[in-house]
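Asker: What follows is a predicted structure for the sequence shown.
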Amino acid sequence: MSETPRDHILRLRAEIQRYEELYRKKHAPEISDFEFDKLVDKLADLEREFPMFAGPDLGIGDDKAEGFQQRDHKSPMLSLDNTYDEADFMAFGERLAKAVGASALQFVVEPKIDGVAVSLTYENGKFVRAVTRGNGTRGDDVTHNVALIKSIPRKLADAPDLLEVRGEIYMELEEFQRLNREREAEGEALYANPRNLAAGTVKLLDAAVAQSRNLSIVCYGLGACEPAMFAKLSDFKQRLKDWGFPIRDDIGLQQGIKAAWAAIQQLDQIRRNLPFPTDGAVVKLNSLAEQQKAGTTSKFPHWAVAFKFPPDQAETILRAISMQVGRTGAITPVAELDPVLLAGSTVARATLHNADEIARKDIREGDTVLIQKAGEIIPQVLGVVHAKRPADSKPFNFEARLKELGLDATRDGEEAAYKLRVPSREMKIRRLIHFACKQCLDIDGLGVAVAEQLIDLELVDAPVQTLSITAEQWRMLDGFKDKSVDNMLSGVAQAKQRELWRAIHALGIPNVGMQTAKDLARHFKSMNALESAKLGDLLISKVGKKGHETYTSVISGVGIEVSESVLSFFSDPHHREWVQAMRNAGLNLIEVASATTVEGVAGKTFVLTGTLPTLGRDEARDLIEKAGGKVSGSVSKNTHYVVAGEEAGSKLTKAQELGVTILDEAGLRKLLGT
Ligand code: IVH
């Protein structure tokens, strides 16, 4: 029996509400914005057709979260109505002309940045707080995290008594990729897209974690302004720019709706080169008096609209589901696809996240699936094209497949991922490669081929055993004669003399990347001290007024997540055995003071971008750090030098805008005195 219109409406409303919650509160959407908007449109159509079943307004949702103080907005924070086609957009123009009673309207056209909306309040020119949209009239006070964004001016000259500046907090694509590379190196599940990570970061209660992720902001809107001092949005934007706020002026003012439409097309061309994710263009009436005339609904202004670019999607056949085992034993299902062109690159694999995701979407091998790039980076399987499902297809049985593959895995109650009970061959190889890699012990000559043999010959089980392989044992490897044996022995001998942070990083503690390993080494100064650290050595706990427990980091960059990881790692007797084996093998486990700081470098902040002619990124970082400098991921007013190589991107542009000194490799070497 088919669904009645009433049931259809009820089902749609429930679905929309659920997706809305996932997006705003959990920062973990299950469907794309495009699909979401389609559901909302479908509901609107049905409710128009069957008004007797229409329900109350669904509103724009609410992002309120536990642990934040709430604040009222002086002027409400509205959302935007969406359009997806030209006719719809032109209709917006016509409605507006009628409402305003003028024909030649002037428009501001901007990229629609995919991030989280925020309101910045200035009292007498002083930045006092940052608040999320919340329900539009009242939001969460997120000043502590937003204040980490250096491009937000703290003081404004000649400012009104009260000013609310509206903007979008986002994460640059480069920063998102940097964080995901770190996650990958640590064997952790990847973040899905920059928008969710930005939203999650703004709402972090753990300042140390928030600090380790660089957020950016673009300001585009005017909230309350007392006394009033602007007549046009473009005047306000110019003033924002003069005050030092980042704004977007990629596209100039447009006369008339036709010109605005052309500008949207222009934006579609340039948006792929922007350093942030964009999913559309925003078109706004320039005159504030005309805006007032046009008015608003409870959710949207009538004077602005978002034109959403359809996401890059493609259909292809999912040939098989394979299982990828991470270094820590976490299993990620991967869709093996018939290769297909999507947003300029060929996609042959896509993540399926976890078993629940496959079950929820009922994804089966042999299905035709719709794929999309989330935040235009990682391909995702959106869903199945049911009409094209083969008649003989069977639901995918995750556990049965693990068994067939000989993967003995379980899942912890709360964890989404299955984890191997005992390390597999793959995992052992990956662990060993991590142990020996350039960012860890840097064992010369130990690459994939050698690692595979060491594991297959059972010379190594836990990576630390590499440190005590004898000449005779090395000789068992394929083609290993005196010379290669000598090379390996000397490679291992050299590795034993390296810095403490390398040994810490080599252990493969979840959530401890290279930078964190360095922070831990500098603080604890020995493996002994780190190994016997207690919670209180890492975090200071305070109980607040409302009984909420909050933690402050002892070491900058080491928050709750990392602290728990470290403590739980060393509580495992196996891991303590590894450390003991390191000791027995004579590996350096203490921090040796470096006396090589270079004046002019010490205490300065550097940002690396592009490809340098001879220095690798890690090498350049090492040289700078050894000389007492710091390397940061993003350019701000506090950056002293940007070292730019071939194909340097947005960081170079930003450095030029901010007037930061730019060096090439030769310039860096000169500064370092090498
Ligand atoms: S203007 C009255 N301009 O998109 C609403 N919004 O989907 C004024 N957004 O709520 C908003 N880029 O959070 C405006 N250039 C831009 C934007 C932008 C992103 C966000 C904003 C808004 C949401 C609507």
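Answerer: Cool, got the structure.
Asker: how about the residues of the protein that lie near the ligand?
Answerer: 78-80, 110, 112-113, 117, 168, 220-221, 282, 301, 304, 306 (Cβ under 6 Å from any ligand atom). Where C-beta positions appear, they are placed from N, C-alpha and C, glycine not excepted.
Asker: Leu318: which of these is nearest?
Answerer: Nearest to Leu318 among those is Lys112, at 31.4 Å by Cβ to Cβ.
Asker: Right, and the ligand sits closest to which residue of the chain?
Answerer: Residue nearest to the ligand within the chain (Cβ to the nearest ligand atom): Ala117, separated by 3.2 Å.
Asker: That residue bridge partners, please.
Answerer: Glu168 (DSSP bridges).
Asker: Tell me the gap between stretch 576-594 and the middle of its chain.
Answerer: Centroid separation for stretch 576-594 versus its chain: 34 Å, with Cα atoms, centre = their mean, to the nearest Å.
Asker: mind listing what's buried in it?
Answerer: Neighbour counts using 16 or more other Cβ atoms under 10 Å place 578-579, 581-582, 585, 587-589, 591 of stretch 576-594 among the buried residues.
Asker: ok, the residue of the chain closest to the ligand touching Glu164?
Answerer: No - taking contacts as Cβ atoms under 8 Å, Ala117 lies outside contact range of Glu164: 11.8 Å.
Asker: what about the two, which has more around it?
Answerer: Taking other Cβ atoms under 10 Å, Ala117 and Glu164 do not tie; Ala117 has more neighbours (22 against 19).
Asker: how much space between the residue of the chain closest to the ligand and Gly221?
Answerer: Distance from Ala117 to Gly221, counting by Cβ to Cβ, to the nearest Å: 9 Å.
Asker: low-confidence ranges in the stretch 151-300 of the chain?
Answerer: 186-189 (pLDDT under 70).
Asker: show me where it has strands.
Answerer: Assigned by DSSP state E, counting those that start in this stretch, the strands in the stretch 151-300 of the chain fall at 162-170, 216-226, 254-255, 278-285.
Asker: what's the most buried one of those?
Answerer: Comparing the strands of the stretch 151-300 of the chain by mean neighbour count (mean count of other Cβ atoms under 10 Å), strand 278-285 ranks first with a mean of 24.
Asker: Packing partners of that strand?
Answerer: In terms of contacts (3 or more Cβ pairs under 8 Å, 6 or more residues apart in numbering; DSSP states H and E), strand 278-285 is packed against helix 86-100, strand 106-113, helix 256-270, helix 288-294, strand 304-308.
Asker: Quick one: residues in contact with the first one.
Answerer: The set of residues that contact helix 86-100 without belonging to it, under Cβ atoms under 8 Å, 6 or more residues apart in numbering, is 81, 83, 103, 105, 256-257, 260-261, 264, 283, 285, 290, 293-295, 302-303, 305, 307.
Asker: which residues do Ala117 and Gly221 both contact?
Answerer: Joint contacts of Ala117 and Gly221 (Cβ under 8 Å, 6+ apart) are 166-167.
Asker: For burial, what's the neighbour tally of Arg272?
Answerer: Counted with other Cβ under 10 Å, the neighbours of Arg272 add up to 11.
Asker: typed the wrong thing, it's Lys126
Answerer: Lys126 has 11 neighbouring residues, counting by other Cβ under 10 Å.
Asker: leaving aside the residues next to it on the chain, what's closest to Val635?
Answerer: Lys654 (4.4 Å; Cβ to Cβ, 6 or more residues apart in numbering).
Asker: Ala355 too?
Answerer: Phe398 (4.1 Å).
Asker: how about the one you found, phi and psi?
Answerer: phi -60, psi -50 (degrees, to the nearest 10).
Asker: Which SSE is immediately downstream of the top helix by length along the chain?
Answerer: Secondary structure of the chain per DSSP state H: the longest helix is helix 5-24. Using DSSP states H and E, the helix or strand that directly follows helix 5-24 along the chain is helix 33-49.
Asker: In its sheet, which strands sit next to the lowest-mean-pLDDT helix or strand in the chain, and in what direction?
Answerer: Using mean pLDDT, DSSP states H and E, strand 549-553 stands out as the lowest-scoring helix or strand of the chain, at a mean of 73. Paired strands of strand 549-553, with direction, are strand 539-543 (antiparallel) (DSSP bridges).
Asker: Could you list the buried residues of the strand it pairs with?
Answerer: Buried, per 16+ other Cβ under 10 Å, within strand 539-543: Leu539.
Asker: All set, thanks.
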